[in-house]
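# build the 3D model from these lines:
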Amino acid sequence: MTLDASRRVVALVPAAGRGVRLGESTPKAFVPVGGSPMLARAVDGLIASGVVDRIVIMAPIEMIDAARQLLTAHAPAVGSLPVDVVAGGAERTDSVRAGMAAAPEATHFLVHDAARALTPPALIARVTAELTAGRHAVVPGIAVADTIKSVSAAGDVTGTPDRAGLRAIQTPQGFDAELLRAAYAVDLPVTDDAGLVEAFGATVRVIPGDPLAFKITDQLDLRLANALVAESAADEKAASAQVVPR
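Here you go, the predicted structure:
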């Protein structure tokens, strides 16, 4: 939690997406990774970062009770700060609007995808630190490894941008609350919140992201996430076994 009483960092977690590409029968945020729903892991990371004052989850209206039950079962971790669940919308922007409306006290927002369930708490803290230092919009990004082509509707290459200046953007995306509210008052077609404030005319700062903050979108991503959780658990077990009682 933040130490500055005048600063209120509220994390908004859109969890209303259906996750069609993942091919599961339940909304994506409720699909388990290593035995725990993505949503629970995302909430754990936000709490562990130590920089969030409140979390607002935007869930499908029919899953609100399920989300609350999940959090109740997760009580030992969630008990350290308020976590609320509100109804999300048909589009991501609708969900974020609902989350902002539920948090009028916020001075800063972190918008964090539940599907980035393995995001390290340290990355969340670094985004927030940039906001504390006076940045109005901060996003994590990682360098693009592949060559990128722009392609026409007919399938012809129209250009090859220099990948040295490209970044794949992750979450959490951090914003001054007044800026994000003002940007959302303008209805613009964008794919992320940073794009919205860019279109609004604000400068967005990009900081180094983390490979573990990848978005679980399809079955290959889910297999990778499960393997990483299993490997981490095995490492922890091995480390515990090496501790010799005195």
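
# pLDDT-wise, which helix or strand of the protein ranks last?
helix 75-78 (a mean of 56; mean pLDDT, DSSP states H and E).

# secondary structure class for the spatially closest residue to Gly99 that is not a sequence neighbour?
For Gly99, ignoring the flanking residues on the chain, the nearest one in space by Cβ to Cβ, 6 or more residues apart in numbering is Leu12 at 3.8 Å. For the C-beta atoms, the positions are set from N, CA and C on the backbone; glycine is no exception. Classification of Leu12 using DSSP: H, G, I helix; E, B strand; the rest coil returns strand.

# show the contacting residues for Ala183.
By Cβ atoms under 8 Å, 6 or more residues apart in numbering, the contact list for Ala183 reads 193, 196-197, 199-200, 202.

# longest helix of this structure?
Using DSSP state H to define each element, the chain has its longest helix at helix 219-241.

# what residue ranges in the protein score low on pLDDT?
Residues of the chain meeting the criterion pLDDT under 70: 1-5, 19-20, 23, 74-80, 243-246.

# give me phi/psi at the residue nearest to the spatial centre of the chain?
Centroid-nearest residue in the chain: His112, 2.2 Å away (criterion: Cα atoms, centre = their mean). Note on His112: backbone dihedrals following degrees, to the nearest 10 are phi -130, psi 120.

# what sits closest to it if chain neighbours are left out?
Counting by Cβ to Cβ, 6+ apart, His112 lies nearest to Pro172, which is 3.9 Å off, once chain neighbours are set aside.

# kindly report the same for Asp218.
Arg21 (5.0 Å).

# before we move on, back to that, so the residue nearest to His112 makes contact with Ala114?
No - if you go by Cβ atoms under 8 Å, Pro172 and Ala114 don't touch, sitting 11.2 Å apart.

# tell me the SS of Gly155?
Per three-state DSSP, the secondary structure class of Gly155 is coil.

# phi first, then psi, for it.
In terms of degrees, to the nearest 10, the main-chain angles of Gly155 are phi 100, psi 10.
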